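Chemist: requesting a structural model of the entry that follows:
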Amino acid sequence: MHETLLFRNSPNVLLLALHLPEKSRLDIDHSLQELQALSYSLGAVVCDALVQQRDQPHPAFFFGKGKLGQIKDLIHKHSISFLITDGQLSPKQAQNLEKSLHKPVLDRTQLILEIFGRNARTREAKLQIELAQSEYLLPRLLGMWKHLDRERGGIGVSRGTGEKQIEKDRQILRRKIAHLKEDLQRVDRERNNQKKRRSSCLQVSLVGYTNAGKSTIMNALTNADLLVENKLFATLDSTTRLLEEESRPKILLSDTVGFIRNLPHELVASFHSTLETIRDADLLLHVVDVGAEPEEHIKTTLAVLDEIQAVGIPKILVFNKTDQLDLLEQAILRRSYPEAVFITAAKGEVTELQEAIVNFFERRMETVQVLLDYQHSRRLAEIYEWSRVNKIDYREEGIFLELTSIPSNLKHLRHHLPEAQFEQIQLTLPN
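Modeler: Here you go, the predicted model:
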């Protein structure tokens, strides 16, 4: 995408937003703060921000024509290199704004796509970003070639150069999109094979607003060595590690891409494989940075989870970076969220969280007694993989076992060991 070159040499940028009736002024301010953080993460210098109150976006310019003069004054005052709008522009609006203001104009979606493009490291992430960028660009090709038709057009010209060129470009871009989708389908198949191999494990996923400290928590809980940077969307790839070596069934923890307000639909669509890690989880750790608008970030995360159909998965709310709060602030937050876990992952203070994860699954586990005939003793390995073996006794009538696991894993064992005799026993576990 062309905006990559715009972020060289710390350019001066101007942020622009519309205040529409369905949004409060506080919503606009929060969204602009987020847009500023996104801009900073690419090295831009945000010089000013301008908000216009309107009932609806202007169909041609997004902003009202009368506001364009004020925008031009700010461009001159701050030596602005380009402008960023907090909202998605139509191809026509972007073209008209650039023509009127004589400066490149990016919208929020383009900015986020650029950040994702810079931070993509694995082949899968790069494919997903390239697909999202291509699908965003496809309807915007028209404005890129209209100027040729105006320059060359006239009486007797039935079809302009621009019209012919855009048709060629669309065909090229559509073929590229098709190839990218095929490549991602192959990646999906590899991921599904990996998922089958992990089907006996308990799946936990870290979710939350970008830069909330999810990768730091992942490193602290699993001794992983994931990249940790104080910037938005440093993590784009889903990474999975074993939580506890000795636990049975095994508990796997996955770090996933962070969320943000108005996450572009192109990204949600192209990152569906990565987001599947969240949808497949047995438990979500909803991580919140206590120092960065926690209530707003909770709301944003829940909205994205709803969009990807994962809002119904059980969650543990995790407030991170609690060392930034004084004792009174911590007490107020704990009273407001009595079920939450409070940690400072950067200092390795995650014991409470680790215990909460284990206790979550323990409360849901069932214990059964099983009698397995000796001729089926080869199935012991599968039993050990799918459950925790509390007792094993080699008796005359067969192998007696007491197993504990979650109901779905016990259901799997019953289905795959029809020759074994299962008997449910009731255990009362502490809350």
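Chemist: continuing past the helix or strand of the chain with the lowest mean pLDDT, what's the next helix or strand?
Modeler: Scoring the helices and strands of the chain by mean pLDDT, DSSP states H and E places helix 141-152 at the bottom, with a mean of 47. Going down the chain from helix 141-152, the next helix or strand is helix 161-197, by DSSP states H and E.
Chemist: helices or strands up against that following helix?
Modeler: Identification of packing neighbours for helix 161-197 by 3 or more Cβ pairs under 8 Å, 6 or more residues apart in numbering; DSSP states H and E yields helix 123-137, helix 141-152, helix 272-279. The way it works is simple: take the backbone N, C-alpha and C, and place the C-beta from them, glycine included.
Chemist: what mean pLDDT does the shortest one have?
Modeler: It stands for helix 272-279. The average pLDDT for helix 272-279 rounds to 78.
Chemist: how about the longest one?
Modeler: Mean pLDDT, taken over the full extent of helix 123-137, equals 85.
Chemist: can you show me the strands along this protein?
Modeler: 12-19, 45-53, 82-85, 105-107, 202-208, 239-242, 251-255, 283-289, 315-320, 341-342, 366-372, 388-395, 398-405, 421-425 (DSSP state E).
Chemist: how many other residues sit next to residue 302?
Modeler: 16 (other Cβ atoms under 10 Å).
Chemist: just checking, it touches residue 312?
Modeler: No: using Cβ atoms under 8 Å, residue 302 is not in contact with residue 312; the gap is 11.1 Å.
Chemist: how close does residue 382 get to residue 246?
Modeler: 19 Å (Cβ to Cβ, to the nearest Å).
Chemist: okay, these two: which has more neighbours?
Modeler: residue 382 (14 against 6).
Chemist: grab the nearest non-local neighbour of that one.
Modeler: Nearest non-adjacent residue to residue 382, counting by Cβ to Cβ, 6 or more residues apart in numbering: residue 416, 6.8 Å away.
Chemist: same question for residue 225.
Modeler: residue 219 (6.7 Å).
Chemist: if I read this right, that neighbour contacts residue 213, doesn't it?
Modeler: No: the criterion here is Cβ under 8 Å, and residue 219 misses it with residue 213 at 10.0 Å.
Chemist: mutual contacts of the two, please.
Modeler: residue 345 (Cβ atoms under 8 Å, 6 or more residues apart in numbering).
Chemist: between these two, tell me which one has more neighbours.
Modeler: Using other Cβ under 10 Å, the more surrounded residue of residue 219 and residue 213 is residue 213, with 26 against 21.
Chemist: dump the residue contacts of that one.
Modeler: So residue 213 contacts 287, 289, 320-321, 345-346 (Cβ under 8 Å, 6+ apart).
Chemist: what do you get if the cut-off is 6 Å, keeping everything else the same?
Modeler: Contacts for residue 213 were tallied using Cβ atoms under 6 Å, 6 or more residues apart in numbering; they are 320, 345.
Chemist: mind checking how far it is from residue 120?
Modeler: 21 Å.
Chemist: cool, and residue 88?
Modeler: 21 Å.
Chemist: same check, this time on residue 85
Modeler: 24 Å.
Chemist: how many neighbours does the closest residue to residue 289 other than its chain neighbours have?
Modeler: Among residues not flanking residue 289 along the chain, residue 212 sits closest, at 4.4 Å (Cβ to Cβ, 6+ apart). A count of nearby residues for residue 212, using other Cβ under 10 Å, gives 27.
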